[in-house]
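Participant: the following comprises the amino acid sequence and a computationally predicted model.
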Amino acid sequence: MNPHVLIILLSSLSLGTTLTFASSHWLLAWMGLEINTLAIIPLMAQHHHPRAVEATTKYFLTQATAAATMLFASTTNAWITGEWSITHLSHPLPITLITLALALKIGLAPLHFWLPEVLQGLDLTTGLILSTWQKLAPLALLMQIAPITQPTLLTTLGITSALIGGWGGLNQTQLRKILAYSSIAHLGWMIIILQLAPNLTLLALGTYILMTSTAFLTFKMTTSMKINTLALSWSKTPTLMTTATLTMLSLGGLPPLTGFTPKWLILQELTKQGLPIPATIMALTALLSLYFYLRLCYSMALTISPNTNFATTPWRLPPTKTTLLTASTTTMTLMFLPLTPLMLALTL
């Protein structure tokens, strides 16, 4: 892609998200989300592969549906109350519609159907943008309307997402689909605590972005797309595969790694708020997610293909690949647990 076009598209992505962050009017927030969607579509379809074009079309139709629903709900609210302000939602119908529209935008279950298929058709760099940056603006709107949203709806979305994110990833062989279901599961943890402790949602989002960025960058460096190809990577890059194994365990929430921090604090907060049953269900769904992360760890660290010595794959990584970003995100993914008190102090 032309560098000038790429700069324009990335700037538009930043502009759309910033506009939604800064807006207090539903029309401006909707405009920011639309700029965001239109900016990422050329990035998704840049390889002109039929699978990429199909994923782009699915993404566009889904996002257009969510945006239309959001615009309809905000217009209905303005018609009923005369207010366009984001925080002035008073009627239950617009509140529910907007919550569901934003859930569709970020891929919360049961409105998650598009995310695994779309992510499967993208390259890893665009998939990383879709899994991290594209979730910021809708989550910012959800955080603003969370105090007036029905608690039952948010709890249902959170538990359903954690369950489907755990179950959906069990039988997958494609790494991008596994990361998509991982995204759905982590979003469930963020949403279930959104109304009770928004600071924990921010903490969970920050650690998720770190861990997912590490996973995408690692798979990009090793050009891995399937679980089977991970077994070939150990002979080429044993150090990278060791850190990748720890990254997967961190995504699964295994102590003493960074990914344990948000799960631990969210379960603690749910218990404090007198919600032991949702806390128990969320803890059990963490075991589902941990199982398919362990499958990846088994392929990466405990399996060496007997054909590795005779494979045509390169023995070493190309020297032009930069590793600073991967090394930085990997370090933070693995070593942030002792800094939990500091992170809590920063998010309060």
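Facilitator: Here it is on my side, so go on. Not measured: the values here are computed from a predicted model.
Participant: use CA for all of it now, contacts and neighbours both
Facilitator: Fine.
Participant: could you point out the longest helix of the protein?
Facilitator: helix 50-81 (DSSP state H).
Participant: contacts made by whatever helix or strand comes next after that helix with the rest, please.
Facilitator: Later in the chain than helix 50-81, the nearest helix or strand by DSSP states H and E is helix 92-106. Contact partners of helix 92-106, identified using C-alpha atoms under 8 Å, 6 or more residues apart in numbering, comprise 62-63, 66-67, 69-70, 73-74, 76-77, 89, 109, 111-112, 134-135, 138-139, 141-142, 145, 148-150.
Participant: the longest helix of the chain vs helix 92-106, what angle?
Facilitator: If you take axes from the mean of the first three to the mean of the last three C-alpha atoms, to 10 degrees, helix 50-81 sits at 160 degrees to helix 92-106.
Participant: and helix 50-81, what does it pack against?
Facilitator: helix 26-44, helix 92-106, helix 114-120 (3 or more C-alpha pairs under 8 Å, 6 or more residues apart in numbering; DSSP states H and E).
Participant: follow-up on the earlier one: buried ones among the contacts of helix 92-106?
Facilitator: Buried subset of these (neighbour count, 16 or more other C-alpha atoms under 10 Å): 62-63, 66-67, 69-70, 73-74, 76-77, 89, 109, 111-112, 134-135, 138-139, 141-142, 145, 149.
Participant: so what's the residue lying closest to residue 91 once chain neighbours are set aside up against?
Facilitator: Closest residue to residue 91 apart from its sequence neighbours, by C-alpha to C-alpha, 6 or more residues apart in numbering: residue 77 at 6.9 Å. By C-alpha under 8 Å, 6+ apart, the contact set of residue 77 is 83, 84, 89, 90, 91, 94.
Participant: return the distance of the last one relative to residue 33.
Facilitator: Residue 94 sits 18 Å away from residue 33, taking C-alpha to C-alpha, to the nearest Å as the criterion.
Participant: of those two, which one has the most company?
Facilitator: Higher neighbour count among residue 94 and residue 33: residue 33, with 25 against 22, using other C-alpha atoms under 10 Å.
Participant: excluding chain neighbours, what is closest to residue 283?
Facilitator: residue 267 (7.5 Å).
Participant: tell me who's in contact with that neighbour.
Facilitator: Contacts for residue 267 were tallied using C-alpha under 8 Å, 6+ apart; they are 279, 282, 283.
Participant: would you mark the buried spots in the one helix or strand it maps to?
Facilitator: Under the criterion of DSSP H and E, residue 267 resides in helix 260-272. Residues of helix 260-272 classed as buried under the neighbour-count rule (16+ other C-alpha under 10 Å) are 260, 261, 262, 263, 265, 266, 267, 269, 270.
Participant: right, and the helix or strand after it?
Facilitator: Counting by DSSP H and E, the next helix or strand C-terminal to helix 260-272 is helix 276-301.
Participant: hmm, back to that, by how many degrees do the longest helix of the chain and helix 26-44 diverge?
Facilitator: Here helix 50-81 points in a direction 180 degrees away from that of helix 26-44 (the same axes, to 10 degrees).
Participant: next, count neighbours for residue 339.
Facilitator: Neighbours around residue 339, by other C-alpha under 10 Å: 11.
Participant: what's residue 301 in contact with, if anything?
Facilitator: Contacts of residue 301 (C-alpha under 8 Å, 6+ apart): 231, 234, 241, 242, 245.
Participant: quick check: the third one vs residue 247, distance?
Facilitator: This points to residue 241. Computed as C-alpha to C-alpha, the residue 241 to residue 247 distance reads 9 Å.
Participant: more neighbours: which of the two?
Facilitator: residue 247 (30 against 22).
Participant: for that one, helix, strand, or coil?
Facilitator: Look at residue 247: counting by DSSP: H, G, I helix; E, B strand; the rest coil, its state is helix.
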